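1. With the input below, show me the fold.
(2 chains)
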Amino acid sequence: NAGVMQNPRHLVRRRGQEARLRCSPMKGHSHVYWYRQLPEEGLKFMVYLQKENIIDESGMPKERFSAEFPKEGPSILRIQQVVRGDSAAYFCASSPPEGTGALNMAFFGQGTRLTVV
Amino acid sequence: GENVEQHPSTLSVQEGDSAVIKCTYSDSASNYFPWYKQELGKRPQLIIDIRSNVGEKKDQRIAVTLNKTAKHFSLHITETQPEDSAVYFCASTFYGGSQGNLIFGKGTKLSVKP
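-> Take a look at the predicted model:
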């Protein structure tokens, strides 16, 4: 059972370009969370999604950032017109659906390190 | 919204000593409290968790205690080893009708000196 897979591991974008970060949850997991981590700082919640639904996007900046988790395929975090302040590690986590009997633990991917130059 | 405070921000101990990290949470509805360990440049990894229906949980050298009345929980590492050096994050959430997102503390950088 592969863990949470994120790609790319490293992404370099010039200011004004778009960044697309992908996350494939663990097999059987239907909940996906995105977190941002600045150097030497903690994990800041951005958005929580289930298949085809955004459950909580209270941590997402109002502009330029969007997320989706389609019925088929990975979850995508999209950052339009990137700026230097967007440089960070973006981690995705997944957890199993309610009522599966599994512990409701969130497992993290390896992260995507975005550098805006 | 939910807020999680974590202390200390840095902790240095001698190999073999114990380390204690404390967290407080604000939402009395929170019922799940995991701890994550993050080594430099790597993903956060779940090391232990506790649910609100128990007061203490232990796994070898790691233990977590929960005081629901005071709304705080702590991580205890005994007989520390150099490989325990990492940043540790506490988190809390409410798992109810729909699972909620984890809210993390700011982290504690633990250094274990040989």
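
2. beta partners for the residue positioned nearest the centre of chain A?
-> For chain A, residue A:34 is the residue whose C-alpha lies nearest the centre (CA atoms, centre = their mean; 3.4 Å). Assessed by DSSP bridges, residue A:34 has beta-bridge partners residue A:47, residue A:92.

3. ok, it to residue B:41 distance?
-> 19 Å (CB to CB, to the nearest Å). For glycine as for every other residue, the C-beta is placed from the backbone atoms N, C-alpha and C.

4. Do you know the pLDDT at the residue nearest to the centre of chain A?
-> Among the per-residue scores, residue A:34 holds a pLDDT of 95.

5. what lines up beside the helix-or-strand element of chain B with minimal mean pLDDT in the sheet?
-> Across the helices and strands of chain B, mean confidence by mean pLDDT, DSSP states H and E is lowest for strand B:103-104: a mean of 88. Paired with strand B:103-104 in the same sheet, following DSSP bridges, are strand B:86-92 (antiparallel).

6. Kindly export the partner strand (C-alpha atoms) in CSV.
-> Below are the C-alpha coordinates for strand B:86-92, written out as CSV (Å, rounded to 0.1, in the frame of the first residue of the first chain):
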residue,chain,number,x,y,z
ALA,B,86,13.8,16.5,15.4
VAL,B,87,10.9,19.0,15.4
TYR,B,88,7.8,17.7,17.2
PHE,B,89,4.4,19.0,16.5
CYS,B,90,1.2,18.5,18.5
ALA,B,91,-2.2,18.8,16.9
SER,B,92,-5.8,18.6,17.8
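
7. Hmm, residue B:101 is touching residue A:60, no?
-> No. Using CB atoms under 8 Å, residue B:101 is not in contact with residue A:60; the gap is 11.6 Å.

8. Name the residue in the two with the higher neighbour count.
-> residue B:101 (24 against 18; other CB atoms under 10 Å in any protein chain shown).

9. Spatially nearest residue to the more buried one (excluding sequence neighbours)?
-> Spatial nearest neighbour of residue B:101, excluding adjacent residues (CB to CB, 6 or more residues apart in numbering or on different chains): residue A:48 at 4.4 Å.

10. For that neighbour, grab the count of nearby residues.
-> Count around residue A:48 with other CB under 10 Å applied: 25.

11. what do you get for residue B:42?
-> There are 12 residues near residue B:42, going by other CB under 10 Å.

12. contacting residues for it?
-> Counting by CB atoms under 8 Å, 6 or more residues apart in numbering or on different chains, residue B:42 makes contact with residue A:110.

13. what secondary structure does it sit in?
-> The assignment at residue B:42 comes out as coil when based on DSSP: H, G, I helix; E, B strand; the rest coil.

14. does the residue nearest to residue B:101 really touch residue A:55, like I thought?
-> Yes. Residue A:48 is within contact range of residue A:55, at 4.7 Å (criterion: CB under 8 Å).

15. got the contact list for stretch B:54-71?
-> With CB under 8 Å, 6+ apart, stretch B:54-71 has contacts from B:24-26, B:28, B:33, B:35, B:47-50, B:52, B:72-80.

16. Among the residues you listed, the buried ones, what's the PyMOL command?
-> In PyMOL, this line selects whichever of the contacts of stretch B:54-71 come out buried by 16 or more other CB atoms under 10 Å in any protein chain shown:
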select buried, chain B and resi 24+25+33+35+47+48+49+50+52+72+73+74+75+76+77+80
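
17. Perfect, I'm done here.
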